[in-house]
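**Student:** what's the 3D shape of this:
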Amino acid sequence: MAMVTKRKFLTMAVMMFVLLFMFQFTQVMKEAGNEYDTNEYAGTSELNKNDVWEDSGNNSAVLIGTEESLLGNVAKQWCTYTKRSFHVYETLVECPSETLKEADAILIDPSHIEYERQMSLLTLRVEQGADVVFLSLPESDMIKENEQLQKLLGIDEVKAEQVQLEGINLFTGFLLGGQTIYKPKDEKEKQERQDLDLQIPWYVTGNASKTYMVGMMSDTSVKNEQLPAIIWRNSLGTGNVFAVNGDYMSELTGIGILDAMMAECNEYDVYPVVNAQSLAVANFPGLAAENEEEMNRLYSRDQVAVYRDILWPSLYSTVEKSGSQLTCYLAPQFDYTDGNEPQVDQLVFYLKQLKEKGAEAGLSMEYVKGSGLADKLTRDDAFFESAGSDYEYGSVYMPEVDTEVIETWRRISRYEGLDTIISQPVEEEPILSYVNECMTRQFVTSSGISHTFSEDLRMKSIQTSLGYSNIVLDMNQISWPKKESDRWEIVSEQFSSNINTYWKPFEMFAQTTASESDERIRGFLAMDYEDSREDNVIQIQVEKKTNQVWMVLRTHGEDIEAITGGEFVEIEDDAYLLCIQDDICRVTTKSKDQLKYPLPEK
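**Tutor:** Now for the predicted structure:
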C-alpha cells in the first residue's frame, strides 16, 4: 500500500479547504444577494382606467345585430382591441349608407337579415367594395332555397343539410401557428380531445372562393375541392364575403378569426397585441401541513414535504424547460379550522426560491374550509406580519371575481398594491379589462392540463388576436385530490407535455410574470394608432402611454427589409411581431425572392 507523504497530505488538505470555502462563500454570497422579500415586478405602471383608449374614429366596423348577443359581444371585444369604432344596427336598412361605406367590415348576425328584402342591398355593397362577415350562417334549408344568398356566399352546391365529419383541417396562413389537423389518432385521443362539432351542413364553394378550414371525411373518394367548407371567403366585385359554418364566433375564438379575415382582404394588416405569455401555479405552495392522512397515503409524507421535495423540483424543471417566467399564487393554508398553521420557514424558503429563479409571488383567494374570505384575509395578513414579511404582492388569483370582496381587501394595507386579478373566463365578459378604476382583470386561457381540439383552436385564435396566453395550473387538486388522476405524477406529465408542445409556435412572444403582463395590458388598452402605405413603406403612427407597444404585421408575399422607430421579429411566413418604440414607425417591405432554377448546360 502506497504511503501518503506529509507534503501530499498537506496539499490535499489545503485543496479541500479551498474548495469547501469556495462553495460555502458562493452560497453565502447568494444568500446575501437574495433580497427575497422584495418584488421587482410589482407596481411598475401608473396607467389606470382613465387612460383606456377612446374612440378616435380612425377605423370602424358595423354589426347588424345586437350588442347583447354572444356574437355582438365578440364583435365589440374585437373592435375595442383593434381600436375600431363600433356601430350597431338591428337591421341593414337602419344603417346609414355613409357608415356602411366607411366601415372596414360589416359583421352580420344572420338572424337580423331579411333575406327577401335585403339581399340585393347587401350584394350591391359587396360589389362596391365592402367586406362582409357572416358570423354564422342561416339554416341550410334557407340557403338551399335562396339562389341569391348562395351567390353572395359563394356556395355552388348544398350537398347535404347535415354530414358527419372525421375531423377538421385548419389550413396554414390563416390563424397564427400553422396548419392543424383536428383528427384524433386513436380512441384515447378521441375521448380526451375531440370536442368540436363534427355534424355540419355540407356546402361546396365555387372557384371565386378561398377556403381556410374544411371538414375531413371518411369517404376518400371525395375530392379536396368538394370537402365541406367551414370557414371561407368569396370574392364578389371588389368586395369579399366571409362565411363561418358553425358556432365558432360566439366566444373568444371569434376575435382571432376576425383578425385573420381582415388580413386576408387587405394588402397588409397591422393591429396591436399585448405580447405576454404568462405561466402560473395557483394555490402553491401550501405552507401548512394539512390533509395529512391523504398526503401520507399518496406520497408517504406530509403536505409541506410533498410540496418542497416532490412538487417544487418537478414543477420548476418543467417551467425551466419551457422558458417561461413563473408566477406562484401562494395559499398560506387551505383549512382554517384544523389548527394547522402556516410555517414561517416555508414562506422564507419559497420566497428565496422564487427570487433566485426570477419568478414572482402572488396571492390566492381560494380556501377549502373557513369562516369566509374576510376572515381568511385577516388571518393571512397576521401570518405575514408574524413572519416579518414586507413582500409586495401585485397579482391575485380569484377564480370568480367578487367586487365586494375587493373592497374588503383594499382596507387592509398589505393588499393595497394588488394591481391585477387572474380569474376564470366569464361568458360575455372581455378577456382583458379593468375590474375597477385601478385594477385589471386577466382571464385564464388554459389550465395547462386539458388541451382539447376546441381549446387548441381558441388558443391559436387568442394568440393571433392578442399575442397573449395565461396558463394557470391549480394545485388545489393536488392538496385535496378527489380522484386518482389528481395524483401529481399524472398531472405533471400532462402539464409538461402540453406546455412544451402546443405553445411552441408562439415562443417569439415575451415570457412574462403576472405583473409584467398587467403592465403590458395597460399599455395595450391605452394605445391608439393610424397606419398608411406608400409604395413599399408602411407607416404606423402610434399614440402610446408606455415606452413601447407591440403590433402584429401581416403581409402577402412580402418580407421586412428595414424598420425605423422600432424592431421586429418574424412569427411565421408573412407575419411579424413589431416592437414600436417611437411615435412613428416605418416598415420597408420587399417581395420575397422567387425561386431561380439554373439553366441547363449547353
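**Student:** so what's residue 430 closest to, chain neighbours aside?
**Tutor:** With CB to CB, 6 or more residues apart in numbering as the measure, residue 77 is the residue that lies nearest to residue 430, at 5.1 Å, once sequence neighbours are left out. Where C-beta positions appear, they are placed from N, C-alpha and C, glycine not excepted.
**Student:** which residues touch the strand or helix carrying the one you found?
**Tutor:** With the criterion set as DSSP states H and E, the secondary-structure element containing residue 77 is helix 70-81. Defining contact as CB atoms under 8 Å, 6 or more residues apart in numbering, one finds that helix 70-81 is touched by 53, 61, 63, 65-67, 84-86, 88, 107, 109, 135-136, 249-252, 254-255, 258-259, 271-272, 427-428, 430-432, 465-466, 524.
**Student:** same thing but at 7 Å, please
**Tutor:** For helix 70-81, the external contacting residues (CB atoms under 7 Å, 6 or more residues apart in numbering) are 61, 63, 65-67, 86, 88, 107, 109, 135-136, 249-251, 254-255, 258, 428, 430, 465-466.
**Student:** do stretch 427-446 as well
**Tutor:** 48-49, 52, 70, 73, 77, 252, 401, 406, 418-425, 455, 459, 462, 469-472, 517-518, 521-522, 525.
**Student:** avg pLDDT for it?
**Tutor:** Taken as a whole, stretch 427-446 carries a mean pLDDT of 94.
**Student:** put the alpha carbons of it into PDB.
**Tutor:** Extracted in PDB, the C-alpha atoms of stretch 427-446 (Å, rounded to 0.1, in the frame of the first residue of the first chain):
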ATOM      1  CA  GLU A 427     -69.300  34.400 -20.800                       C
ATOM      2  CA  GLU A 428     -70.000  37.800 -22.400                       C
ATOM      3  CA  GLU A 429     -67.100  39.400 -20.500                       C
ATOM      4  CA  PRO A 430     -63.900  40.600 -22.200                       C
ATOM      5  CA  ILE A 431     -60.800  38.600 -21.800                       C
ATOM      6  CA  LEU A 432     -58.800  41.700 -20.800                       C
ATOM      7  CA  SER A 433     -60.400  44.600 -19.000                       C
ATOM      8  CA  TYR A 434     -60.400  46.800 -15.900                       C
ATOM      9  CA  VAL A 435     -62.500  45.500 -13.000                       C
ATOM     10  CA  ASN A 436     -62.400  48.900 -11.200                       C
ATOM     11  CA  GLU A 437     -60.600  52.200 -11.600                       C
ATOM     12  CA  CYS A 438     -57.100  50.900 -11.000                       C
ATOM     13  CA  MET A 439     -57.200  47.000 -11.200                       C
ATOM     14  CA  THR A 440     -57.100  45.000 -14.300                       C
ATOM     15  CA  ARG A 441     -58.600  41.500 -14.900                       C
ATOM     16  CA  GLN A 442     -56.900  38.800 -16.900                       C
ATOM     17  CA  PHE A 443     -58.800  35.700 -17.900                       C
ATOM     18  CA  VAL A 444     -57.100  32.300 -17.600                       C
ATOM     19  CA  THR A 445     -56.700  30.900 -21.100                       C
ATOM     20  CA  SER A 446     -55.700  27.400 -20.200                       C
END
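**Student:** residue 148 looks like it's in a helix, true?
**Tutor:** Yes - when DSSP: H, G, I helix; E, B strand; the rest coil is applied, residue 148 is found to be in a helix.
**Student:** picking that back up, tell me the buried residues within the contacts of stretch 427-446.
**Tutor:** Neighbour-count burial (16 or more other CB atoms under 10 Å) applied to the contacts of stretch 427-446 gives 48-49, 70, 73, 77, 252, 401, 406, 418-423, 455, 459, 462, 469-472, 517-518, 521-522, 525.
**Student:** helices of the stretch 201-350 of the chain, residue ranges please.
**Tutor:** When assigned using DSSP state H, counting those that start in this stretch, the helices of the stretch 201-350 of the chain occupy the ranges 253-264, 292-299, 303-305, 312-322, 344-356.
**Student:** just checking, what packs against whichever helix or strand comes after the longest one?
**Tutor:** The helix or strand immediately downstream of helix 344-356 is strand 360-364, counting by DSSP H and E. Using 3 or more CB pairs under 7 Å, 6 or more residues apart in numbering; DSSP states H and E as the contact criterion, the secondary-structure elements in contact with strand 360-364 are strand 326-331, helix 344-356, strand 395-397, helix 514-526.
**Student:** for residue 122, which of these is the nearest?
**Tutor:** Taking CB to CB as the criterion, helix 514-526 is the member of the helices and strands packed on strand 360-364 that comes nearest to residue 122, at 33.5 Å.
**Student:** what sits up against the next helix or strand after that closest one?
**Tutor:** Secondary structure here is assigned by DSSP H and E; on that basis, the next helix or strand after helix 514-526 toward the C-terminus is strand 528-534. By CB under 7 Å, 6+ apart, the surrounding residues in contact with strand 528-534 are 53, 56, 58, 83, 268, 270, 272, 538-543.
**Student:** and strand 528-534, which strands flank it?
**Tutor:** Here strand 528-534 is paired, per DSSP bridges, with strand 537-543 (antiparallel).
**Student:** between the strand it pairs with and helix 514-526, what angle do the directions make?
**Tutor:** Taking axes from the mean of the first three to the mean of the last three CA atoms, to 10 degrees, one finds strand 537-543 and helix 514-526 inclined to each other by 100 degrees.
**Student:** list the buried residues in strand 537-543.
**Tutor:** Burial within strand 537-543, assessed by neighbour count using 16+ other CB under 10 Å, is assigned to 538, 540-542.
**Student:** how much space is there between residue 550 and residue 105?
**Tutor:** Residue 550 sits 23 Å away from residue 105, going by CB to CB, to the nearest Å.
**Student:** more neighbours, those two?
**Tutor:** In this view residue 550 and residue 105 are compared by other CB atoms under 10 Å, and residue 105 has more residues nearby, 25 against 22.
**Student:** so that one is in contact with residue 129, correct?
**Tutor:** No - in this structure, residue 105 sits apart from residue 129 without contact. The criterion is CB atoms under 7 Å, and the distance is 11.9 Å.
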